[in-house]
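> below is the sequence, then the predicted model.
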Amino acid sequence: MRGLKKRKNKEFTQRQATPISLDMLRVLHFHLTHTSGFIEASRLWFLAVSAFAFYGMCRINEVLSLQWKNITLDLARPSASDPTSTIGYGVYKLEGRKTEVTEGRRYNLH
């Protein structure tokens, strides 16, 4: 083992995880809803966490670290097409992201 050397730089590096696609998420949710062995509360919890992670473009551990102080709901803004109507939305902030350029960026919930 002592005399072994890496021939290529990437020969012994770990593979990066591939992002989940919408089709993979559908298969996962179908499997969870049609397989016995899950308690209803844990099944609903995982469906919610995985869907939020996918649509929020974040990792599951980032969803799990969310706190209520980082979520703001019931905000409103005027519609661009009809100024007389308002659009309701919410925002959330993920702290300590690995891929975040500016700390504390807020993401919209529609």
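Arrived safely, thanks for sending.
> could you chop this structure up by domain?
19-55, 65-110 (automatic domain parsing).
> mind putting those domains into CSV with mean pLDDT?
Formatted as CSV, the domains of the chain follow (pLDDT from 0 to 100):
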stretch, mean pLDDT
domain 19-55, 90
domain 65-110, 84
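> can I get these in JSON lines including mean neighbour count?
All C-beta atoms are positioned from the backbone trio N, CA, C, and that covers glycine. Shown next, in JSON lines, are those (neighbours: other C-beta atoms under 10 Å):
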{"stretch": "domain 19-55", "mean neighbour count": "12"}
{"stretch": "domain 65-110", "mean neighbour count": "11"}
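> helix or strand for the residue nearest the centre of the chain, which one?
The chain has Ala53 as the residue nearest its centroid, 1.9 Å off, counting by C-alpha atoms, centre = their mean. Ala53 is part of helix 40-55 when elements are defined by DSSP states H and E.
> could you identify the helix or strand that succeeds that helix?
Using DSSP H and E, the first helix or strand after helix 40-55 is helix 60-64.
> buried residues, that next one. List them.
The neighbour-count check on helix 60-64 (16 or more other C-beta atoms under 10 Å) flags Glu62, Val63 as buried.
> any idea of the mean pLDDT in that helix?
Averaged across helix 60-64, the pLDDT comes to 86.
> the following helix or strand past that helix packs against which elements?
Note on helix 60-64: by DSSP H and E, the next helix or strand toward the C-terminus is strand 71-78. Here strand 71-78 touches strand 86-93, going by 3 or more C-beta pairs under 8 Å, 6 or more residues apart in numbering; DSSP states H and E.
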